[in-house]
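Asker: Below are the sequence and a predicted model for it; my questions follow.
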Amino acid sequence: MWAELLPIGRSSASGGYRRYAWTGADSECREWFKEQAEARGLVYEVDRNGNQWAWLGDTAAGDAVVTGSHLDSVPDGGAFDGPLGVVSSFAALDELRRRDAHFTKPLAIVNFGDEEGARFGLACVGSRLASGQLGIEQAHLLTDGDGVTLPRAMEAAGYDPDAIGPDPERLARIGAFVELHVEQGRALDLSGDRVGVASAIWPHGRWRFDFRGEANHAGTTRLVDRRDPMLSYAETVLAARREAELAGAVATFGKISVEPNGVNAIPSLVRGWLDSRAEDQATLDAVVGGIEKAAREYADAHDIALDVVRESFTPVVEFDHALRDELTRILGKDTDLKVPVLGTGAGHDAGILSGHIPTAMLFVRNPTGVSHSPAEFAAEDDCLAGGLALADVLEGLACT
């Protein structure tokens, strides 16, 4: 399975992946998922929001155990973030069939659409729509860098954008959702463990900072006469690092847009996107508030106008304690396996769904901690250990 999926959407220039929502690469990934489902005799469905489902057992019976993740990527992302969870889900089902496990509950494997938000700027679109956290009107306004709206992109890919919206009936049929994911950090590598269980997802969000100055000639405009928004932006980037470091949080300006974007032109607009995350809400508020305060001081000093817009936000997610404890019990039963419980600063579909159904996550060791990069990696032995751990968990939750 891994070998079949690996070439899809891979850039020959960077070695990373460009599997953006509702593109050709996304379509190929979806076709791969469908083929895996049909090859196993599973009931294949696509819900109203474009999420793919593969069912074993009665789809309407209720109390289903669901596993899976996503197949899309960030720009030039790694091979493991998302796909490892989907591949491991099919592999875990294969393992349970090899064990001749008797299922007492329906089992489903899911591929949630547009988890990374690389194209339209909002993460977890598929699960947000299904859970009602993203409104239909707001979804229809989402636009990519080329001016293509989400409805147009869905329609071009053969889906009905007028059908999107909350899917409470489907969520009501799910008793538990367990997502396996490569760890996006080094906690397991430092502890020497192959697999871990998630405790919580840090609160996190994305903010857009628009610095507006005055375009002018780079060669003839005196420094004292300039209203250069790049200076305020650069100072704000450094302020973000200081604020995050002082608070034990993280803050990143990872995306920038400049107008008119000429080598010999002073910018009229510098637009930067801040991603910030912290262990608790109070710390996150303090960090982002400190960054905005510094940005406004720098902007005022250079006669620059500043607008700050919060584009997305996800509060802290405490995974269902009973389900989390059940996972650690299952994985520790009759073995010497130590199962660490750890938090994460990365967002996931499991976090979005946690307010509606019991959710949990398994992490697979990442020896470098690198993620959202072509260098993202997990060793085959660790991936196999994760797949077997997922099989054990599904057997404990859905079988007798």
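Answerer: Cool, the structure landed. Residues are numbered from 1 along each chain as shown.

Asker: domains for the chain, by residue range?
Answerer: Domain segmentation of the chain under automatic domain parsing yields 2-202+316-398, 204-314.

Asker: what about the strand or helix carrying residue 33, average pLDDT?
Answerer: Remark: residue 33 resides in helix 24-39, with elements defined by DSSP states H and E. Averaged across helix 24-39, pLDDT comes to 98.

Asker: Enumerate the positions of it that are buried.
Answerer: 25-26, 28-30, 32-34, 36-37 (16 or more other Cβ atoms under 10 Å). Placement of C-beta: from N, CA and C, glycine included.

Asker: Please export the C-alpha coordinates of it as PDB.
Answerer: What follows is helix 24-39, C-alpha atoms only, in PDB (Å, rounded to 0.1, in the frame of the first residue of the first chain):
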ATOM      1  CA  GLY A  24      -5.500  16.000  -9.500                       C
ATOM      2  CA  ALA A  25      -3.200  14.700  -6.800                       C
ATOM      3  CA  ASP A  26      -6.100  14.700  -4.300                       C
ATOM      4  CA  SER A  27      -8.200  12.800  -6.900                       C
ATOM      5  CA  GLU A  28      -5.600  10.100  -7.300                       C
ATOM      6  CA  CYS A  29      -5.300   9.700  -3.500                       C
ATOM      7  CA  ARG A  30      -9.100   9.400  -3.300                       C
ATOM      8  CA  GLU A  31      -9.100   6.700  -6.100                       C
ATOM      9  CA  TRP A  32      -6.400   4.800  -4.200                       C
ATOM     10  CA  PHE A  33      -8.600   4.900  -1.000                       C
ATOM     11  CA  LYS A  34     -11.600   3.600  -3.000                       C
ATOM     12  CA  GLU A  35      -9.600   0.800  -4.500                       C
ATOM     13  CA  GLN A  36      -8.300  -0.300  -1.100                       C
ATOM     14  CA  ALA A  37     -11.900  -0.300   0.300                       C
ATOM     15  CA  GLU A  38     -13.300  -2.300  -2.600                       C
ATOM     16  CA  ALA A  39     -10.400  -4.800  -2.600                       C
END
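
Asker: Tell me the gap between it and the middle of its chain.
Answerer: Distance of helix 24-39 from the chain centroid (Cα atoms, centre = their mean, to the nearest Å) equals 20 Å.

Asker: Packing partners of that helix?
Answerer: Counting contacts by 3 or more Cβ pairs under 8 Å, 6 or more residues apart in numbering; DSSP states H and E, helix 24-39 packs against helix 2-5, strand 43-46, strand 52-56, strand 107-111.

Asker: packing partners for the helix or strand that the last one is followed by?
Answerer: In other words, strand 107-111. Next helix or strand after strand 107-111 toward the C-terminus (DSSP H and E): helix 125-131. In terms of contacts (3+ Cβ pairs under 8 Å, 6+ apart), helix 125-131 is packed against helix 168-172, helix 349-353.
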